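[1] Below is the sequence, then the predicted model.
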Amino acid sequence: MEKFEKLTSVAAPLPIANVDTDMIIPARYLKTIKRTGLGEGLFANMRFNEDGSDNEEFVLNQPAYKDAEVLVAGNNFGCGSSREHAPWALMDYGIKCVVSTDFADIFYNNSFKNGMLLIKVGPEELDMLMDDAGRGANATVTVDLEAQEITGPDGGVIKFEIDAFRKHCLLNGLDDIGLTMEKEDKIASFEESHRAAQPWL
Amino acid sequence: MSAPKTLFDKIWDAHLIDESDDGTCLIFIDRHIVHEVTSPQAFEGLRTAGRKVRRPDLTLAVPDHNVPTSDRAAGIEDEESRIQVETLDKNCRDFGLQIFGMDDIRQGICHVIGPEQGFTLPGTTLICGDSHTATHGAFGSLSFGVGTSEVEHVLATQTMIQRKSKNMRVTVDGELPLGVTAKDMILAIIGEIGTAGGTGCVIEFAGEAIRSLSMEGRMTVCNMTIEGGARAGLIAPDETTFEYLKGRPMAPKGGAWETAAEYWKTLKSDEGAKYDIEVTLKAEDIVPQVTWGTSPEDVVPITGAVPNPSDESDESRRNKMERSLEYMGLEPGTAMRDVRIDRMFIGSCTNSRIEDLRAAAEVAQKAIDKGRKVAGHVDAMVVPGSGLVKAQAEEEGLDRIFIEAGFDWREPGCSMCLAMNADKLTPGERCASTSNRNFEGRQGPGGRTHLVSPAMAAAAAIAGRLTDIRDLD
């Protein structure tokens, strides 16, 4: 997994609440056995017209946001299906950080396991960031994970919370399967007592 | 004496391997169900790292999302779908996992076959790379939907890293009125708490109306827990649960059954256990529900009308409503019963079990008795949840009732719940569906979904428009 430390980028505004994972990547793009190339289907139903051409109105198709690596979105982003193709699609497209007031649980987990940072902020802070993002190409934001800060285009700083384990994994690009396997003794001894307690399993 | 515990606390504590100072926990996973869509990258990850499946005996695999629901003799036409299903077969062979392949009568939707086989058991932890894993909570199994990285983590270690969720309880008191089902109950609950109402929580469903439900009904309720934002739903196991499980192929037998059942009877929340959030509904107040928008929280009674965004004071909610109505092609104030449909879908992990099919067939039979059939302009498909559900329905003659009434009787799979196989809506088509999500494009790009119960779906197919099931009698 790639490390996430600091990022300076244009932020694209997506002021829609409850953006679900079917919106992020429709099911027809899930027929792959790979993790890569999913950027093609990102927001497909909104990004493309029925004839397959770009929908010019969609934020990521506007010239100012072509290189956006940060997305500022409405509440409850990532609700719905457990498909990890959603963070894979965002990452493959180039989005490395999403800011919202809240995220759906499964999507939240999935994103961190792929090196993508999700930041929860308060409603007023989100409004402010949404306005900043609306200013287009000249309004870049800087996300600093170590300091847990977002610095807006005018120098305003928003502090954010993140749990220590996720932060540690992201900063160091750690694969958590490897970390868990270091606890093999604990797992094996639990397994033994669990088998004794519930032998029918 | 220790503090009173909730059902969730008890199952959690019985699976806790390790807890870090910051609250990050490692829990043991008893059961894992794997399907073809969210697993290929997990197996690939194991191969790349040279890792094995730690406990192949605790994993069960089944293809469901991509499989055709028409005649399967010719295999899968779509190349990508076929590759995914073949990849699952190969991965199961390579890693030594049990699989119910496409030609196995036990094949079906992962959340239908787990319970059906007795693989799902009370007091267990269960995961699957699918958000509707919450379904298994109906048995008092702590069941989480996860992404592919977590699928890989469980395959490699049989554990999951997680922080403990909050405790939430939804109590439904009283008795459901006639014609009102488990589906209406869970839609009403989601309407009440909202689609993010359970975020960060495990929801325990309690109360007389929940206790009175069959296992099929309980599965419908727990299935849609995720639509209320919670990763897991739980119902304490009781005699109804034991009755359903006893004799299932993978359930414990003989003396082991007796020992297990003794333990399972202790799996209920203690008197005085604390919940972070409590919500109570009265069953008597629930009427048949139908969604009008593009989120499961966009729900109204069938007797109601399409809401008006201008009545909504919150700007972001108003915008969402306007967007939904535009997508759905609906005008505010339209009576739900005046909404004409083009398609009907009975199926999905929410409503494709034998009881669901019986409820729909009863409506179909009434129509036949009155000389009626599926409306001429409606295409109606019935997709059983598994090969065994299909076989049982056929033994009971339900297939003949459906076919006589003009419904299309198909092979088991996820089908038009998420439109990954050939079953999908075309742009602008409107569907009464027993599935779980009315998201934009969920049943096909541009497709418009109204979530309802199986009986309501069948009634809508016959009337050609959304219908109050209670008006049929």
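    Arrived safely, thanks for sending.

[2] can we go C-alpha only for contacts and neighbour counts from here?
    Noted.

[3] Kindly provide the distance from residue A:42 to chain B.
    Using CA to the nearest CA, to the nearest Å, one gets 13 Å for the distance from residue A:42 to chain B.

[4] neighbours around that residue, how many?
    Close neighbours of residue A:42, defined as other CA atoms under 10 Å in any protein chain shown, add up to 27.

[5] pretty sure it contacts residue A:93?
    Yes. Applying CA atoms under 8 Å as the test, residue A:42 and residue A:93 come out as touching, 7.2 Å apart.

[6] so where's the longest strand in chain A?
    Secondary structure of chain A read by DSSP state E shows that its longest strand is strand A:6-14.

[7] Distance from it to the middle of the chain?
    12 Å (CA atoms, centre = their mean, to the nearest Å).

[8] so for the first helix or strand past that strand going along the chain, what's the average pLDDT?
    On the C-terminal side of strand A:6-14, the closest following helix or strand by DSSP states H and E is helix A:21-24. Model confidence over helix A:21-24, given as mean pLDDT, is 97.

[9] I would like the residues contacting helix A:21-24, please.
    Applying CA atoms under 8 Å, 6 or more residues apart in numbering or on different chains, the contact partners of helix A:21-24 are A:42-46, A:78-83, A:86, A:89-90, B:439-442.

[10] same deal with stretch B:300-311?
    Taking contacts as CA under 8 Å, 6+ apart, the residues outside stretch B:300-311 that touch it are B:191, B:287-292, B:318-319, B:321-322, B:330-337, B:466-468.

[11] touching chain A at all, the strand or helix carrying residue B:151?
    Counting by DSSP H and E, the element that carries residue B:151 is helix B:148-157. Yes. Residues of helix B:148-157 contacting chain A under CA under 8 Å from any CA of the partner chain: B:148, B:149, B:150, B:153, B:156, B:157.

[12] Test my guess that the fifth one contacts residue B:58.
    Pointing back at residue B:156 there. No. No contact is recorded between residue B:156 and residue B:58 when judged using CA under 8 Å, the distance being 11.9 Å.

[13] When these two are compared, which one has more neighbours?
    Neighbours were counted for residue B:156 and for residue B:58 using other CA under 10 Å; residue B:156 has more, 23 against 19.

[14] Output the below-cut-off pLDDT ranges for the stretch 351-473 of chain B.
    Within the stretch 351-473 of chain B, the ranges that satisfy pLDDT under 70 run B:473.

[15] pLDDT at residue B:73, what is it?
    86.

[16] biggest strand in chain B by residues?
    As far as residue count goes, and with DSSP E defining each element, the longest strand of chain B is strand B:166-173.

[17] which residues are in contact with it?
    Outside strand B:166-173, the residues that touch it by CA under 8 Å, 6+ apart are B:6, B:8, B:198, B:200-210, B:274-283.

[18] So which of the residues you listed reach chain A?
    residue B:200.

[19] Now that we have the contacts of strand B:166-173, which of them are buried?
    Applying 16 or more other CA atoms under 10 Å in any protein chain shown to these, the neighbour count classes B:6, B:8, B:198, B:200-207, B:209-210, B:274, B:281-283 as buried.

[20] my read: residue B:142 touches residue B:11, true?
    Yes. Using CA under 8 Å as the test, residue B:142 is close enough to residue B:11 to be in contact (6.9 Å).

[21] tell me, what's touching the two both at once?
    Between them, residue B:142 and residue B:11 share the neighbouring residues B:123, B:124, B:125, with contact defined by CA under 8 Å, 6+ apart.

[22] what sits against residue 42?
    Reading this off chain A. Shown here is residue A:42, whose contacts under the criterion CA under 8 Å, 6+ apart are A:24, A:25, A:86, A:89, A:90, A:93.

[23] nope, chain B
    B:148, B:149, B:151, B:152.

[24] Who wins on neighbours among those?
    Neighbour counts for the contacts of residue B:42, by other CA under 10 Å, peak at residue B:151, which reaches 28 neighbours.

[25] looking at chain B, which helix or strand does the model trust least?
    helix B:315-328 (a mean of 92; mean pLDDT, DSSP states H and E).

[26] quick check, that one touching chain A?
    Yes. Part of helix B:315-328 sits close enough to chain A to count as contact by CA under 8 Å from any CA, namely B:316, B:317, B:319, B:320.

[27] that older thread, can you tell me which of the contacts of helix A:21-24 end up in helices?
    Filtering the contacts of helix A:21-24 for membership in helices, criterion DSSP state H, returns A:44, A:45, A:46, A:86, A:89, A:90.

[28] For the fourth one, give its distance to chain B.
    If you measure residue A:86 against chain B using CA to the nearest CA, the figure is 10 Å.

[29] dump the residue contacts of that residue.
    Neighbours of residue A:86 in contact, by CA under 8 Å, 6+ apart: A:21, A:24, A:25, A:42, A:78, A:107.

[30] re the thing from before, just the buried ones among the contacts of strand B:166-173: which are in strands?
    Here DSSP E is the test, and the buried ones among the contacts of strand B:166-173 give B:201, B:202, B:203, B:204, B:205, B:206, B:281, B:282 as lying in strands.

[31] Surely the fifth one and residue B:234 touch.
    So that's residue B:205. Yes. Here residue B:205 lies in contact with residue B:234, judged by CA under 8 Å, at a distance of 6.1 Å.

[32] and the gap between residue B:30 and chain A?
    Noted for residue B:30: a distance of 7 Å to chain A, by CA to the nearest CA.

[33] before we move on, what about residue B:43?
    Residue B:43 sits 10 Å away from chain A, going by CA to the nearest CA.

[34] Now that residue: phi and psi?
    Here the main-chain torsion angles of residue B:43 (degrees, to the nearest 10) amount to phi -60, psi -40.

[35] Assess the claim that it and residue B:154 are in contact.
    No. With the criterion set as CA under 8 Å, residue B:43 and residue B:154 do not qualify as a contacting pair; they are 11.1 Å apart.

[36] Can you pull the residues of the stretch 1-150 of chain B lying near chain A?
    Within reach of chain A by CA under 8 Å from any CA, the stretch 1-150 of chain B has these residues: B:15, B:17-18, B:22, B:24, B:28, B:30, B:37-38, B:40-41, B:80-81, B:84, B:87, B:129-132, B:145-150.

[37] For residue A:84, which non-adjacent residue is closest in space?
    With CA to CA, 6 or more residues apart in numbering or on different chains as the criterion, residue A:84 has its nearest non-adjacent residue at 5.0 Å, and that residue is residue B:147.

[38] and residue A:7, what does it touch?
    Counting by CA under 8 Å, 6+ apart, residue A:7 touches A:142, A:143, A:144.

[39] pretty sure residue B:219 is touching residue B:348, no?
    No. Taking contacts as CA under 8 Å, residue B:219 lies outside contact range of residue B:348: 11.8 Å.

[40] Those two: who's more crowded?
    For the pair residue B:219 and residue B:348, the greater number of neighbours falls to residue B:219 (30 against 27), based on other CA under 10 Å.
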